[in-house]
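Asker: after the sequence you'll find the predicted model.
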Amino acid sequence: MHRRWFLKNLATAGVAAGAGILAKPTLLRAASPKVLRFVPQADLANFDPIWGTQLVVRNASAMVWDTLYGFDEKFRIQKQMLESDDVSADGLVWTFKLRPGLKFHDGEPVRAKDVVASLDRWSQRDNMGVMVRALQKELVARDDRTFRWTLGKPFPKLRFVLGKMNTPVAFIMPERIAKTDPFKKISEYVGSGPFRFVANEWVPGSQAVFERFADYLPRDEAASWMAGGKRVLLDRVEWVTMPDPSTAAAALQNGEIDWWEDPLPDLVPLFRNAAGVTVDIADPMGNVGSFRMNHLQPPFNNVKVRRAVLTAISQSNYMQAVVGDDPKLWKPLPGFFTPDTPWYTEDGGEVLKNGGDLALAKKMLAESGYAGEPVVCLIAQNQSIVKAMGDVTIDLLKRLGMNVEFVATDWATVGSRRASKAPVAEGGWSMFHSWHKGADCIGPYTGARASGDHAWFGWPSDANVEKAFDDWFAATNLAGEQDALRRVNRYGLESVVYAPTGFFRTYAAWRNSVSGIAKGPLPFFWGVNKTA
Amino acid sequence: MYGYIARRILSTIPVVLIVGVIVFSLLFVAPGDPAAIIAGDQASPADVERIRRTLGLDQSFLVQFGHWFSRVMMGDLGTSIFNGKPVTELIGLRLGPTLSLMSVTLTFAVLIAVPLGVLAAARQGTWVDTGVMMMAVLGFSLPVFVVGYLVTYVFALQLQAFPVQGYRPLDEGFWPWLHGLILPALSLGGVYIALIARVTRAAMLEVLGQDYIRTARAKGLGLGRVLFLHALKNASVPVVTSIGLGLALLIGGAVVTESVFAIPGVGRLTVDAILQRDYPVIQGVVLVFSFVYVGVNLMLDLVYTLLDPRIAY
């Protein structure tokens, strides 16, 4: 081989290969006035709202798939894809009629058989859907626009279940897609929502693109969260994943992005002083912080130990660790349900109202029979909220005199290990932290259930709590629901189903050129506009 | 020569296989569960278990390894657990930004570091030498992300001369492509410049003490010709070695740089895959990086023959 020949050909090959490889992908486009660049709370790593139930998937799905009912900002369930619904006098037969003119993004009309297939898939994954399925005698399409759900027992909360916002949401897909096994992911993203998913521009980890669906038929009413007329004023929405908050902050200030869903509270003062940027509360329904104890293993299989820990909690310490000292961002929460909603209750919450009584907690712990059993506390370091709460808990438990083992790890490991019911010496756990969306905490949400083996991780078991939740499902009016949740709160705190660490909100930030952003449990892109 | 190249290419196969086995084994014993992430925070344990079954994650090590190995042998790196896209497609989508970043960084680094190293050697013991070596220590010591934030603040936010983040492909034009890569390359290049400058200086010092350099100077050749034509060429073998081996630094640094500048490259793909426990993607990326690294070493060996005709295979 000759050196000159080699160098010459190497250069030629390099230029050719470089031009080919470097030419793609197209990931940053010139912004037009109607292109909105949005930084979501997390990457859209998968896109099946039934298979993967992360909030970011739900939020993107709300753009692409529509729902039969929608939850509005006054906490009412409104008809969305439906023109009418009717329930028989005995409460057993529900008949639904679709609005005329609904179309999927591939041009096909939305038919009742699509709805039936979608509900069938959803009801195998959603906890409340499973309840309906257990009562189901028949779910059939009667014609292209009408379907009927026949139950063996009345289920008054059917509208709520079909319109709720917590995951998995009952999104409607074409029958061919909805027939996918609910434990396998779909591979086609055709919906009938106000935006079309541009699958060929999806770069997981970096970008997801949505375009206005021209044939979408909005309702006549004004948009209100997931309900009403979802009128799209943008041509295109680009979700840009930014793993580094500092980069997202700089990009927002520089005008390279338009809207950031979930900025760190620490960065908010920066935006307040920045020209052209607005910050405001993102979701008035906020979040409920929590830590869960393993009810199956010592020491937290002893309710007296759980009560001692609950008594020691100072929610202000937790909330200040999570969101700082901005009083708009947090409030104490002596219970499990979202403040400023009709379902909020403080019944039985005295222990948290008077919280932080360490001396009393120590006394209770001594009387509980706690004998120094290790407390393995799993804390995901890559989730800022969880890490902040975990640091407070570790300090608290040490001051309480417990034998704490701090397992600093990542969320994937917590997600795996918390499923173990084994003793801590065999890879089990004693405690982990999480939080629930306030929009979920207005009824029987997963975290508050106490159905033992069927409950969420920690497997609390309390018949009184479950009876109260049954009563909520049976309630036909608000008073009945409120009464049921008051009892859930009281019994749940008595047996410490989980420990609420407080209620907190977060900010969103956007460029002043963006208007029409609604405060709500998820980012709604209908009604949002952008000027040049 | 061609026989040598063929033997070297064949020898990469067992290396990459060993790497693959190690990575697969490590991932198998590592804690974490993609099924739990897919199912979401509110999913029941039963749902998580069922997803694990559908993904085949409940099978034994040997079964999983056998499936993976047989696919790799057929050139199939599998599909992402999360988004269902083929791993080769995911890597292909991300290769452009990473190669762009590395090539611009490499170009900057060589253009800056080699002259600095030569200068420091030519002015050994003076303030120039001290200054260059201080810069090299600084380059080694400052973490990539710190440099990234500093240059972003100054050049993007204050001077508004460059974008904060993102990547524009070459087909949008050379300048837009380069414009978006300058700050990331500056950040990533610091440690690389330091490495090459120090090696160049050391190699040059050794060469500058040899008789033929004294002869060249005695013939009346200018300093520039002596340094860059006679000395540097003979000092270039260790310099080229450092450039090649420093590629590992670039790959590691690219992971951080791509995160700081939101560049959708292979580095970020790797981090995301690790955080999500997307095993096929992690395995695929590691295999590709292994091939790249082994390939670079092979190229280095071949380049030696171009730089020094005395080397032959």
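Answerer: Thanks, I have it.
Asker: any stretches of the stretch 51-200 of chain B with poor pLDDT?
Answerer: By pLDDT under 70, the stretch 51-200 of chain B has no low-scoring segment.
Asker: near chain A, which residues of it are found?
Answerer: B:51, B:53-54, B:80, B:82-85, B:90, B:93-97, B:99-100, B:103, B:149, B:152-153, B:156-157, B:160, B:163-172, B:177, B:180 (C-beta under 8 Å from any C-beta of the partner chain). C-betas here are computed from N, CA, C, even on glycine.
Asker: for ChimeraX, write a command that selects the buried ones of those residues.
Answerer: Command for ChimeraX that selects the buried part of those, burial taken from 16 or more other C-beta atoms under 10 Å in any protein chain shown:
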select /B:51,54,80,82,83,84,85,90,93,94,95,96,97,99,100,103,149,152,156,157,163,164,165,166,167,168,169,170,171,172,177,180
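Asker: can you get me a residue count around the residue of the stretch 251-400 of chain A found nearest chain B?
Answerer: Residue nearest to chain B within the stretch 251-400 of chain A: residue A:251 (4.6 Å; C-beta to the nearest C-beta). Neighbour count of residue A:251, defined by other C-beta atoms under 10 Å in any protein chain shown: 27.
Asker: that one and residue B:166: what is the separation?
Answerer: Going from residue A:251 to residue B:166 by C-beta to C-beta, to the nearest Å gives 8 Å.
Asker: over to residue A:285?
Answerer: Distance of residue A:285 to residue B:166, given as C-beta to C-beta: 33 Å.
Asker: correct me, but residue A:231 touches residue A:526?
Answerer: Yes - contact criterion C-beta atoms under 8 Å: residue A:231 and residue A:526 qualify, at 5.7 Å.
Asker: overlap in contacts of these two?
Answerer: Shared contacts of residue A:231 and residue A:526, defined by C-beta atoms under 8 Å, 6 or more residues apart in numbering or on different chains, are found at A:194, A:218, A:223.
Asker: distance of the first one from chain B?
Answerer: Right, the one you point to is residue A:194. Using C-beta to the nearest C-beta, to the nearest Å, residue A:194 is found at 23 Å from chain B.
Asker: residue ranges with poor pLDDT in chain A?
Answerer: For chain A, the stretches with pLDDT under 70 are A:1-33.
Asker: residue in the stretch 151-300 of chain A with the shortest distance to chain B?
Answerer: In the stretch 151-300 of chain A, the residue that lies nearest chain B is residue A:206 (3.4 Å; C-beta to the nearest C-beta).
Asker: could you find the closest non-adjacent residue to that residue?
Answerer: Nearest in space to residue A:206, with sequence neighbours left out and distances taken as C-beta to C-beta, 6 or more residues apart in numbering or on different chains, is residue B:264 at 3.4 Å.
Asker: need the helices for the stretch 151-300 of chain B, in chain order.
Answerer: B:174-208, B:211-218, B:223-225, B:232-245, B:247-260, B:266-276, B:279-307 (DSSP state H, counting those that start in this stretch).
Asker: quick one, which of residue A:231 and residue A:526 is more surrounded?
Answerer: It is residue A:526, of residue A:231 and residue A:526, that has more neighbours when counted by other C-beta under 10 Å, with 24 against 16.
Asker: verify the assumption that the more buried one is located in a helix.
Answerer: No - residue state for residue A:526 (DSSP: H, G, I helix; E, B strand; the rest coil) corresponds to coil; a helix is not indicated.
Asker: pretty sure it contacts residue A:194?
Answerer: Yes - taking contacts as C-beta under 8 Å, residue A:526 lies within contact range of residue A:194: 5.5 Å.
Asker: anything in contact with each of those two?
Answerer: Residues touching both residue A:526 and residue A:194 by C-beta under 8 Å, 6+ apart: A:218, A:230, A:231, A:232.
Asker: out of the residues you listed, name the ones that lie in strands.
Answerer: Among these, DSSP state E puts none in strands.
Asker: check those one by one and keep those near chain B.
Answerer: Applying C-beta under 8 Å from any C-beta, the subset of the shared contacts of residue A:526 and residue A:194 adjacent to chain B is empty.
Asker: for residue 74, list the residues it contacts.
Answerer: All of this is about chain A. So residue A:74 contacts residue A:224 (C-beta under 8 Å, 6+ apart).
Asker: I figured residue B:230 was touching residue B:213, is that so?
Answerer: Yes - applying C-beta under 8 Å, one finds residue B:230 in contact with residue B:213, separated by 6.5 Å.
Asker: how about residue 153, nearest residue that isn't a chain neighbour?
Answerer: Going with chain A. Nearest non-adjacent residue to residue A:153, counting by C-beta to C-beta, 6+ apart: residue A:135, 5.0 Å away.
Asker: ah, I was thinking of chain B
Answerer: Residue B:153's closest residue in space is residue A:250 (C-beta to C-beta, 6+ apart), at 7.6 Å.
Asker: circling back: ok, now which ones touch the residue nearest to residue A:206?
Answerer: A:25, A:27, A:203, A:205, A:206, A:207, B:93, B:94, B:97, B:167, B:258.
Asker: quick check: phi and psi on it?
Answerer: Main-chain dihedrals, residue B:264, degrees, to the nearest 10: phi -80, psi 70.
Asker: what segments of the stretch 151-300 of chain A are strands?
Answerer: A:195-197, A:207-212, A:236-240, A:259-260, A:277-281, A:287-293 (DSSP state E, counting those that start in this stretch).
Asker: got those as a markdown table, with mean neighbour count columns?
Answerer: Output for those, formatted as a markdown table (neighbours: other C-beta atoms under 10 Å in any protein chain shown):
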| stretch | mean neighbour count |
| --- | --- |
| strand A:195-197 | 24 |
| strand A:207-212 | 22 |
| strand A:236-240 | 23 |
| strand A:259-260 | 26 |
| strand A:277-281 | 16 |
| strand A:287-293 | 25 |
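Asker: out of those strands, nearest to residue B:3?
Answerer: Closest approach to residue B:3 among the strands of the stretch 151-300 of chain A is made by strand A:207-212 (46.2 Å; C-beta to C-beta).
Asker: so what secondary structure elements neighbour that closest one?
Answerer: If you count contacts as 3 or more C-beta pairs under 8 Å, 6 or more residues apart in numbering or on different chains; DSSP states H and E, strand A:207-212 packs onto helix A:55-64, strand A:195-197, strand A:236-240.
Asker: returning to that earlier point: okay, and the common contacts of residue A:251 and residue B:166?
Answerer: By C-beta under 8 Å, 6+ apart, the residues touching both residue A:251 and residue B:166 are residue B:262.
Asker: distance of the closest residue to residue A:462 other than its chain neighbours relative to chain B?
Answerer: Distances taken as C-beta to C-beta, 6+ apart put residue A:450 closest to residue A:462, at 3.8 Å, once the chain neighbours are dropped. Distance, residue A:450 to chain B, by C-beta to the nearest C-beta: 14 Å.
Asker: go on, residue A:452?
Answerer: Using C-beta to the nearest C-beta, residue A:452 is found at 12 Å from chain B.
Asker: hey, what's the closest residue to residue A:263 other than its chain neighbours bridged with?
Answerer: Using C-beta to C-beta, 6+ apart and skipping the chain neighbours, the partner closest in space to residue A:263 is residue A:509 (4.9 Å). Using DSSP bridges, the bridge partners assigned to residue A:509 are residue A:260, residue A:279.
Asker: picking that back up, buried deepest among the helices of the stretch 151-300 of chain B, which one?
Answerer: Neighbour counts (mean count of other C-beta atoms under 10 Å in any protein chain shown) averaged over each of these peak at helix B:266-276, with a mean of 24.
Asker: and the angle for that one with helix B:174-208?
Answerer: Relative orientation of helix B:266-276 versus helix B:174-208 (axes from the mean of the first three to the mean of the last three C-alpha atoms, to 10 degrees): 100 degrees.
Asker: gap between helix B:266-276 and the chain center?
Answerer: 15 Å (C-alpha atoms, centre = their mean, to the nearest Å).
Asker: since that was my last question, I'll sign off now.
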